[in-house]
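**Student:** can't give you the sequence, but here's the structure:
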Ligand SMILES: Cc1ncc(C[n+]2csc(CCOP(=O)(O)OP(=O)(O)O)c2C)c(N)n1
Ligand SMILES: Cc1ncc(C[n+]2csc(CCOP(=O)(O)OP(=O)(O)O)c2C)c(N)n1
Ligand code: SF4
Ligand code: SF4
Ligand SMILES: [Mg+2]
Ligand SMILES: [Mg+2]
């Protein structure tokens, strides 16, 4: 294996996203972790649908398939089933993956085929110039919602939990420190890893994540979870999450008031479905942090391996196949017509 | 309003489900609650996709639209948006609603338009003769999975939670006592009400729900939830659900051992998302009950009403419309070409 | 013994019959869905085939899974044409109808010829059953069957009687009445029960008591016929073996044939088969059949919908398998956008459409061939792809092989148009001999050489681009649905390049046109007064009618198109040799429209969209109308 | 003043020009996506139109949202043809190119005529910018522009200078360079800046400092031209008003026209408009425009995908609205199955396809007319529906009205084929007068009478079935995609009935054929040597070329098809009167194929799939080739 640098993963094509688009940062993180993990160009396959974010495969020096709108998980499924050796990545957007492609995403997550699905969630349709998407905030005025969108937004993480995904993470485009390890863990995970990347579209939805990304105040609005670690957050790491007394729900508490300490907080258990669901919801109300990191991860049977059970132990030669086919055809009743019989 | 009997809701067509099919019972419950609630034939619209269950509209004396596979929620959305006065029902199957139609279902649930979506979940494709469906149990041998299905089944209730549904219930086809009130509550709910009906297919998947439906042992395997009531179940009502100590998850406990009483159990709160999620999961492991009843219900803005904001207060006459259109066309710069100018 | 002529696809040219009354027997079994009709029919078909007859069958089951018993829409039927001359259709009117309940009589009496034989289960003609079937009086008594030779037997009670000793429950015993009937019918056809007995033993080898009961019933029915004197006018059918070509045979239906053929095709191309599909009538059995080929290396994938199915197949092709997807009309409609992607990316892909009655959901369980427009022209943009169609079940295997060959040789998606009739009908089929030159391997050469590699470079002869699969070192490249620079494959918005690429895609079809066999005359002279041009499952009735007319010395030729798009280059010249050209089709004139658009000849269209193939008589009438009776 | 002839659709027949050099000026603005090119172009177009010129415009923006500045693929352009004779195309070569950066020169120089005028921002020709645009040397210096009249101006620095006093940041000041340019160009066209000033004031009324800056820049540019002596050889353009028909005008593009027309059509049908859609280039503005009509009662619904969009529209139609859905080729492909449902259920539905370059994702931002096959034949089953197409932006409104009328009158889905060029191009449009008989209301009568109500009974003249909407007492009935009994609408699997229903669906098209206007000759004699047959946006160039040839006394006629399916019944007779018939199309010969399939005439096809309409010169060449130069 040659040592490939991040830039070796870049194709020769000019990157054509708008200057300042969050997509650049994700592309960079991706190239870096591929380099870090010693990925090979020829064994890496990037599949995408249509959208700004779905242009990503063109910018990678690996194999790439820019398919059609919403269908990347299905294309990737076929490719990975056909060649389990490939390291398959799906890049999609909130429109591509959750609007037209929601069903394929859901079924991919349910099946748990070994691949990574990275959703560039800019809460807008970038490529078609700014209509609201399934993750757009309510009330957003766009060309197709001049009076403000009335659709209730979908929470991609909660959606993934509903679909039964086995690896669910959330990250922010430009926070390479979170995004890098998340992508790396996604790649390592044997099954479908889903990564919701909060991505800024400078043109049509600029600044929606500014609060979370703010260098100073950001930590007050985000909580980075790690398995086995208590759920602490805040600029001064003085806030946390605990189970609300007398009910099955979470609440934000201050570690300074009421004599609470880290011991009163929940410890993150990435195999706990209910916890992941509750964490996914946080961020909607004032004071709540948006949870980043790996919200859920659970080992489970991998679809590809299971699908191959029953296949011949090793690929058959053409002759073996024809011989077996001949035998199969003869499993039905056969009879001979001979010259002499006539 | 004339008093319609349940049978008045039956059309003149012969019902063509297999003898013994669970669909009959659902049809009956439906006709009964429509009669009970004084529904009008002409104001009721039944929309369906394709599948055995999707034949239901033909058997109703109301308006009906047997549309195409998986698309009933979309057809219903258009009809309801066009005429908010209609009482719109969608009937779908686990294949129709969760396989090909999963995306429309998801978006319908997310939007919360006032209608009822009843999913006949027989964990099989009935009409196409018995292939496994997205809810089929793993390992099920069917014509398309002769070696046993390797797909991980989807949990419709959990899926609905993931989609952000505001009314989520589960019931069993033949338990009219649960199903009736659930359908009635679904009808009353202002928003999209989702009902997962565990339905027996006598031909291709007979008996999958027998354990739950068993006259005697059934109560040991099912838990009927009611808002404000503790989560007790069992033939002898001696089992219950409580929060597992030291974590964010549920466990089944016996009320006889360890001196536990109902007071130790969780009280059902139908507005609690996390609880609904955890309850939805129960039933997968031995000893756990399958939860029936209204798992989740939360008032939320109704999509239809929100969509109509900005429309004229009352419908415009043809003349008013043309006048306003003329004015709108003139919002752009206009200029006159006069004979004299030439 | 065989007449020397090898029929292109079917490979089993047999003498043609001039006396359908003697040469064939057409029998239809009909009864309730639960009566085991399909099994009875299949057994008789099998027995006849093993005996050496030529056969054609047509199962006709209800749209409902299990309609309430006794209803007309719950009737299941199986039609069978047994001949010692060539049998290409399941026949027009039936010589005999075996009806296990009144509803079956009600539904199928119309299809029985004058003076035909009616074998009925008298026990089933209860008041209740008659009412359910819509009879006001009992046809056995009211004289309404006087135009037929009626043989009313106490089938149910005779079966029960025969099984009394077995200790079987009355319900289970009753279930064996189809076996009793089969026994009787086997006697009528002068066949022994031995083969069926073997089959029963195998099928029920885990339930010996059931095996025994079924065999008892079978023998009882046979014995009954032999022992009881049958009324006068009812004779046994003596159908001698047909002079079939020497070889090993089995019976096969179109779906099986196609699934096996596609596997064989992938194999001969040295590829693995990937079949992505979503169930739909009548295409689902393709999925079921491929699923069973797993131990042979075939991978099947039941997707969440048709779009995912075709996309997965495209993904599999990109990764180096032969991606195949199958569905029926409405499902193909959903695949349209993705098929465009396969055209744009120039990946091999086989799309099978097992057509059913349309439009929309239409008549899901009935046959039709009305998706031809969709196949040839049903896409956005200038998006050409080849279309081929099997003529009958026996040709499906070879169509599967050819599909794999054309798709890989030219790097293109391709559509196969089968239909509900071909899919479900079965016929004797000579098992393939893979050492035959017809099955010469055509192994695909995947790209591996980096020097000069350009993903959208085209071979001037085949117009194929190189197939470089992920995993191949140094050939990394990107493909997609956007227009691409000829050669490099980079995205290109350039107008001139788009014009060039549009031409290249069109030239791919020209390359295929040049590589397919020239159009031959299926039967008849190469010029003449009348050409009957058909495709797909209109093959059988046209062939039979044309061959009969030819024997009478009439100037009619049958031209059957296996390659529908591109059309064989010599077609125009060939057709120019006829005074009149008539196209009988099971749609509203689609092939006629296609041909008119391609050559300035006068095409007359005769259409039939009744959910079934043409009758021979309907084709014969066309011939009579043109050439005089 | 107007020449008396009322042109069918466009309603604005003007004198034809024989001297394009004098009668029109074609100017193209080009620069970086961020340079405000579209705005500059639109303002000049508006000013010209208000002055009374006829105009045609063509915005040509990059596929990328905001490509890195200075790149060739990031160039945005706006072409404008200003005339005092009839202007139907945006013109062949440009008379003038206003280029704000080197990349714009690189991309569009080819399209400028010999000795054309080049106005360049000299400040933008930095080393870096030149390299980015792929120039090896500076074209301003290396003599490569010697075939043009070059006017290199310090646009950026002049703008900055003009705004120095305003206190605007350098960046904001620079942004006004398009206004400076516009001022200059307005002077060149002998137009004052007043109208633009008003517009700026309105547009920036919340940011008065920006308004002021823009106006300052505008005036500065104007003044610059007036004060500085322009080099010899550069003259002002004097384009007199065109003799337009009297009336009130605005400019409109095809998407706007269609959206308004559909609203008007629904209104005249006495229905509410429901528009269900999913964004796609170039159809999205239809959705945006309808969304803005909410206060007029129109309901728009952005669905999760194209399938949901069409299904919602079908649901809305069932519930009594006029359901409309719009998309472009790939999205229409996805709607195919549902369109079949609308055909089967015989509900009114308008499907708009704003075509783009195909196949597959193809060339999303480029125009093409290659979805004709898909529109006419692209469905499973025998599934006919009417197809109509606008010729130019000004006709879109009326097409919207007609679509609503045909769909409701005949109870059928209908397809409108617009295209990317028509959608984005704009032209002066005479505002509709709703008291004109052309806009006579056609209110739909919904069923309400229970006696004798049969949901699938057909009016023998229109072949419409009754439209009974949910909510109507006593008319409860069920519809769906399965085949239905004629009359009752109950599910029917009967073969004869299916044949009948197939015929009924075909007869619906015949009824439409009988109700549409006879095909007229767009321009020229009713018989002659050459007929040029076109549809959609090939209208402009064919018209211009044909009219010029006619003025020269040549025997060429232009026949433009607005009704593509069914075809006008008199078309064959009309076309028979010509010696040769040539069909220029922006696809690989689709209309030619359609026509060949429908009438035994000889159609010659000339195709152009370069992402742009034909050039007049390309059509003129066809005429020359046939009739001699
Ligand atoms: C079948 C189809 N429908 C619609 C489109 C138009 N389209 C392209 S991308 C897109 C949405 C993009 O949004 P998202 O997935 O969020 O990607 P982003 O551009 O925001 O990264 C749409 C609607 C298409 N290309 N194909
Ligand atoms: C586009 C399309 N694809 C496939 C089908 C075939 N089909 C009809 S119903 C069905 C699945 C039915 O399963 P489900 O929704 O669970 O209904 P059930 O019959 O079990 O009630 C399928 C695959 C179809 N009619 N249309
Ligand atoms: S439009 Fe938005 S998402 Fe698309 S490239 Fe530009 S900034 Fe990025
Ligand atoms: S196949 Fe199953 S689901 Fe369908 S009608 Fe029969 S029993 Fe019911
Ligand atoms: Mg987005
Ligand atoms: Mg089901």
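**Tutor:** Structure's in. What do you need? Keep in mind that this is a model prediction, so the values were computed, not measured. Ligands and ions are numbered 1, 2, ... in the order given.
**Student:** would you mind listing what in the stretch 151-300 of chain A touches chain D?
**Tutor:** A:151, A:203 (C-beta under 8 Å from any C-beta of the partner chain). Every residue, glycine included, has its C-beta placed from N, CA and C.
**Student:** doesn't residue A:276 make contact with residue A:296?
**Tutor:** Yes - the criterion here is C-beta atoms under 8 Å, and residue A:296 meets it with residue A:276 at 3.8 Å.
**Student:** and for whichever residue of the stretch 151-300 of chain A sits closest to ligand 4, nearest residue in space, chain neighbours not counted?
**Tutor:** For the stretch 151-300 of chain A and ligand 4, the shortest gap (C-beta to the nearest ligand atom) falls at residue A:164, measuring 24.3 Å. The shortest distance from residue A:164 to any non-neighbouring residue, by C-beta to C-beta, 6 or more residues apart in numbering or on different chains, is to residue A:110 (4.8 Å).
**Student:** isn't that neighbour up against residue B:133?
**Tutor:** No - using C-beta under 8 Å, residue A:110 makes no contact with residue B:133, being 11.9 Å away.
**Student:** more crowded one of the two?
**Tutor:** residue B:133 (31 against 26; other C-beta atoms under 10 Å in any protein chain shown).
**Student:** list the residues that contact the more buried one.
**Tutor:** Contact analysis of residue B:133 by C-beta atoms under 8 Å, 6 or more residues apart in numbering or on different chains lists B:93, B:94, B:95, B:98, B:99, B:122, B:123, B:124, B:125.
**Student:** distance check, residue C:124 against chain B.
**Tutor:** 18 Å (C-beta to the nearest C-beta, to the nearest Å).
**Student:** what about that residue, how many neighbours?
**Tutor:** Other residues near residue C:124 come to 25 when the count uses other C-beta under 10 Å.
**Student:** tally of neighbours for the residue lying closest to residue C:383 once chain neighbours are set aside?
**Tutor:** Spatially, and ignoring its direct neighbours in sequence, residue C:383 is nearest to residue D:359 (3.6 Å; C-beta to C-beta, 6+ apart). For residue D:359, the count of nearby residues is 31 (other C-beta under 10 Å).
**Student:** what's the answer for residue A:12, then?
**Tutor:** Neighbour number of residue A:12 under other C-beta under 10 Å is 7.
**Student:** can you list the buried residues in stretch A:309-329?
**Tutor:** In terms of neighbour count (16 or more other C-beta atoms under 10 Å in any protein chain shown), stretch A:309-329 has its buried residues at A:311, A:316, A:321, A:322, A:324, A:325, A:328, A:329.
**Student:** what's the burial count for residue 201?
**Tutor:** You didn't say which chain, so I picked chain A. Residue A:201, neighbours per other C-beta under 10 Å, totals 27.
**Student:** please refer instead to chain C.
**Tutor:** Neighbours of residue C:201 (other C-beta under 10 Å): 14.
**Student:** so it lies in a strand, does it not?
**Tutor:** No - checked against DSSP: H, G, I helix; E, B strand; the rest coil, residue C:201 lies outside a strand; its state is helix.
**Student:** so it makes contact with residue C:211?
**Tutor:** Yes - if you go by C-beta under 8 Å, residue C:201 and residue C:211 touch, sitting 5.4 Å apart.
**Student:** for residue A:305, what are its contacts?
**Tutor:** By C-beta under 8 Å, 6+ apart, the neighbours of residue A:305 are residue A:84.
**Student:** could you say which helix or strand holds it?
**Tutor:** Here residue A:305 sits within helix A:303-308, counting by DSSP states H and E.
**Student:** tell me the buried residues in that helix?
**Tutor:** Buried residues in helix A:303-308 (16+ other C-beta under 10 Å): A:303, A:304, A:306, A:307.
**Student:** what about residue A:89, distance to residue A:5?
**Tutor:** Here residue A:89 is placed at a distance of 19 Å from residue A:5 (C-beta to C-beta, to the nearest Å).
**Student:** ok, now residue A:194?
**Tutor:** When distance is defined by C-beta to C-beta, residue A:194 is 28 Å away from residue A:5.
**Student:** give me the more crowded residue out of these two.
**Tutor:** Legend: neighbour count by other C-beta under 10 Å for residue A:194 and residue A:5, higher for residue A:194 (31 against 10).
**Student:** need the contact list for that one.
**Tutor:** A:109, A:117, A:119, A:156, A:160, A:165, A:167, A:168, A:169, A:186.
**Student:** quick check, it in a helix?
**Tutor:** No - Residue A:194 is assigned strand when assessed by three-state DSSP, not a helix.
**Student:** measure it to ligand 6 for me?
**Tutor:** 27 Å (C-beta to the ion, to the nearest Å).
**Student:** hey, what's that residue bridged with?
**Tutor:** residue A:117, residue A:168 (DSSP bridges).
**Student:** helices along the stretch 1-150 of chain A, start to end?
**Tutor:** A:23-36, A:72-82, A:94-95, A:102-111 (DSSP state H, counting those that start in this stretch).
**Student:** residue C:540 is nearest to which of the ones you listed?
**Tutor:** helix A:72-82 (36.6 Å; C-beta to C-beta).
**Student:** quick one: is that closest one near chain B?
**Tutor:** No - residues of helix A:72-82 contacting chain B under C-beta under 8 Å from any C-beta: none, with a closest distance of 11.3 Å.
**Student:** is any part of that helix close to chain C?
**Tutor:** Yes - against chain C, helix A:72-82 shows contacts by C-beta under 8 Å from any C-beta at A:73, A:74, A:75, A:76, A:77, A:78, A:79, A:80, A:81, A:82.
**Student:** show me where the stretch 501-629 of chain C has its strands.
**Tutor:** C:528-535, C:556-561, C:563-565, C:578-585, C:603-607 (DSSP state E, counting those that start in this stretch).
**Student:** strands of the stretch 1-150 of chain C, residue ranges please.
**Tutor:** Under DSSP E, counting those that start in this stretch, the stretch 1-150 of chain C gives strands at C:24-32, C:54-60, C:75-83, C:94-99, C:112-121, C:149-153.
**Student:** circling back to that earlier point, could you dump the contacts of residue A:194 to JSON lines with pLDDT, neighbour count and distance to ligand 2?
**Tutor:** As requested, the contacts of residue A:194 are exported to JSON lines (pLDDT from 0 to 100; neighbours: other C-beta atoms under 10 Å in any protein chain shown; distance: C-beta to the nearest ligand atom, whole Å):
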{"residue": "A:109", "pLDDT": "98", "neighbour count": "28", "distance to ligand 2": "20"}
{"residue": "A:117", "pLDDT": "98", "neighbour count": "27", "distance to ligand 2": "25"}
{"residue": "A:119", "pLDDT": "98", "neighbour count": "28", "distance to ligand 2": "27"}
{"residue": "A:156", "pLDDT": "98", "neighbour count": "26", "distance to ligand 2": "26"}
{"residue": "A:160", "pLDDT": "98", "neighbour count": "30", "distance to ligand 2": "24"}
{"residue": "A:165", "pLDDT": "98", "neighbour count": "28", "distance to ligand 2": "23"}
{"residue": "A:167", "pLDDT": "98", "neighbour count": "28", "distance to ligand 2": "29"}
{"residue": "A:168", "pLDDT": "98", "neighbour count": "29", "distance to ligand 2": "27"}
{"residue": "A:169", "pLDDT": "98", "neighbour count": "29", "distance to ligand 2": "33"}
{"residue": "A:186", "pLDDT": "98", "neighbour count": "25", "distance to ligand 2": "33"}
